[in-house]
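Visitor: any chance you could fold what I've pasted below:
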Amino acid sequence: MKMRLRSIFSGLVLALVIVSTAGGSYAGDKPLNTVAHEEICGDVFFTLGDSKYSGRINYNETYTVKFDVRVPGSGKEVKFARLYVYWVWSQKENAGVYPTMEVLAEEEVLCSDATYTDTKGFVGKYDYFSGVNVYNGNLNLTKTNHYSVTVKNVDANGSTFCVQGIGLLVIYECQEQAPDCQHVEYWVTEGCDMIYAEYGITPEMATNKIYFDGELDLKKVKSANLITVVPSGGYVSGGETVHNKLYFNEESGWLSNLPFLKQLLRLLFGYGGGVWSDVYIANDVVQIGVDQRDVTDYRNKKSLVVLRRKFVGFVFQTFNLIPAMNAVENVEYPMYFNKEGKSKSERRENARKLLEMVGLEKRANHLPSELSGGEQQRIAIARALANDPKLILADEPTGNLDSRTGKSILDLLKRLNEEEGKNIIMVTHDLESAKKLSKVIKILDGRVQ
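Guide: Now for the predicted structure:
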């Protein structure tokens, strides 16, 4: 959908999720759900207040968290306030049970709006329930700068539970003409999926995926931010580190199987999603990992098709020229698909300059069948340069040529690298050709030597 935006805050709140390689339930078997998605003039914030691990809470005992809810400016009204009570170790006489709790905000008893739970999924003595109870808050930003929430164990039958902390999510609106008011589109995603990478469960299995439904006009997005909230993130009992990774808009197709090329494309073009390691940090006191980061540069603004078209040029062993087109038309053809490119006359002029660069300006009107193998490969190289790519991928570019012609093609590629600043990756079985290149990586039976 098209939107008139000054800025967008893309906010995601996960009630309980760990992307882990050692430590908390099964593996991505409980997808999280979007509970709110809207455009407003306002802003979003999430806070844990002074949350600390409660220890065991017995019948009639309480646990309180205080929040500072001051926001700059005036005239702010709460659009959406959500309280998350993160609880663990809910049990009665060593048996897992669901907690019986009462939650009060500013002394008003709240009704639970949702409950999300999970267990490790193993038959064991200590496989107790964990989860999050969710409440709609009664927050009024115009009346108070502080907000207090209390959890009370009201089970007279003797069950106990522990609270890791309480989270407060606030989405507020403001007057559109106010100087500090911005246009925001937000997503709120909730759930409980304990993730455990032991007992035969691989890190790849121990992963939860979250999707944002809807369309954005990315040209109008000024900024995008991601907030994730992960109880026990980065911590297990005993102080061990739980390694975890956060992925955002990460490519999951063929490119995911080529980590070297994938990293190269990221370094050269900024292409691909974000990947961050060990982003959640918790300890025996503060047991909820919160991560907030700017993901503006990872919005999938370049698809693989656009990436290949605009930033990568290809040179093939078999030339792959279009037989019905002459030399200048073959060189011009990729420019036609670059929608941000030049006019027809400009494309033709640029194609002629490229032919001149490879020494074939006099063969511009000849068909591929009228050219030698070396000439066809020079045309192919000129075509690879059509959209001024930053990277040229050359697959055995001398494989179908005699040694003398092959040397001239290598000399041309070296000149493009040294004088035109083109990055070139060339695949070859010819060791003599490889010796002429500045960096050589040997691969044998699929392994880097």
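Visitor: would you map the strands across the stretch 151-300 of the chain?
Guide: Applying DSSP state E, counting those that start in this stretch to the stretch 151-300 of the chain gives strands spanning 160-173, 182-190, 192-193, 225-231, 245-248, 274-277, 288-294.
Visitor: would you reformat those strands as a markdown table and include mean neighbour count and distance to residue 38?
Guide: Any C-beta I mention is one placed from the backbone N, CA and C, and that applies to glycine too. As requested, the strands of the stretch 151-300 of the chain are exported to a markdown table (neighbours: other CB atoms under 10 Å; distance: least, CB to CB, whole Å):
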| stretch | mean neighbour count | distance to residue 38 |
| --- | --- | --- |
| strand 160-173 | 24 | 8 |
| strand 182-190 | 21 | 7 |
| strand 192-193 | 24 | 24 |
| strand 225-231 | 24 | 16 |
| strand 245-248 | 18 | 21 |
| strand 274-277 | 13 | 25 |
| strand 288-294 | 18 | 20 |
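Visitor: how about those strands, which one is nearest residue 311?
Guide: strand 274-277 (18.9 Å; CB to CB).
Visitor: so which strand or helix has residue 90?
Guide: Following DSSP states H and E, the helix or strand that holds residue 90 is strand 77-92.
Visitor: and whichever helix or strand comes after that strand, what's its mean pLDDT?
Guide: Remark: after strand 77-92, the chain's next helix or strand is strand 95-96, criterion DSSP H and E. Strand 95-96 shows a mean pLDDT of 81.
Visitor: next secondary structure after strand 95-96?
Guide: Past strand 95-96, the next helix or strand by DSSP H and E is strand 101-105.
Visitor: can you list the buried residues in that next one?
Guide: By neighbour count on 16 or more other CB atoms under 10 Å, the buried set for strand 101-105 is 101, 103-105.
Visitor: ditto for stretch 309-322
Guide: For stretch 309-322, using 16+ other CB under 10 Å, the buried residues are 309-317, 319, 321.
Visitor: so which of these is the closest to residue 285?
Guide: residue 311 (47.8 Å).
Visitor: what about the closest one, distance to residue 415?
Guide: Plainly put, residue 311 is 21 Å away from residue 415 if you go by CB to CB, to the nearest Å.
Visitor: next up, the contacts around residue 52.
Guide: Residues in contact with residue 52, defined by CB atoms under 8 Å, 6 or more residues apart in numbering, are 165, 285-286.
Visitor: I'd like the buried residues of stretch 309-322 as a markdown table, with secondary structure, pLDDT and distance to residue 380 appended.
Guide: Formatted as a markdown table, the buried residues of stretch 309-322 follow (DSSP: H, G, I helix; E, B strand; the rest coil; pLDDT from 0 to 100; distance: CB to CB, whole Å):
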| residue | secondary structure | pLDDT | distance to residue 380 |
| --- | --- | --- | --- |
| 309 | helix | 71 | 17 |
| 310 | helix | 71 | 19 |
| 311 | helix | 77 | 18 |
| 312 | strand | 83 | 14 |
| 313 | strand | 86 | 10 |
| 314 | strand | 86 | 9 |
| 315 | strand | 86 | 5 |
| 316 | coil | 86 | 7 |
| 317 | coil | 83 | 10 |
| 319 | coil | 86 | 5 |
| 321 | coil | 90 | 6 |
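Visitor: show me the two of these that sit farthest apart.
Guide: Among the buried residues of stretch 309-322, 310 and 317 lie farthest apart (CB to CB), at 23.7 Å.
Visitor: now do the helices in the stretch 201-350 of the chain.
Guide: With helices called from DSSP state H, counting those that start in this stretch, the stretch 201-350 of the chain shows them at 259-269, 304-311, 327-336, 344-357.
Visitor: hey, what's the most centrally placed residue in the chain bridged with?
Guide: The centroid of the chain falls nearest to residue 248 when counting by CA atoms, centre = their mean (1.0 Å). Beta bridges link residue 248 to residue 274, judged by DSSP bridges.
Visitor: how much space between residue 395 and residue 410?
Guide: 14 Å.
Visitor: the two: which has the busier surroundings?
Guide: residue 410 (22 against 15; other CB atoms under 10 Å).
Visitor: contacting residues for the more buried one?
Guide: Residue 410 makes contacts with 397-398, 433, 436, as judged by CB under 8 Å, 6+ apart.
Visitor: in a helix, it, correct?
Guide: Yes. The assignment for residue 410 by DSSP: H, G, I helix; E, B strand; the rest coil puts it in a helix.
Visitor: great, nothing more from me.
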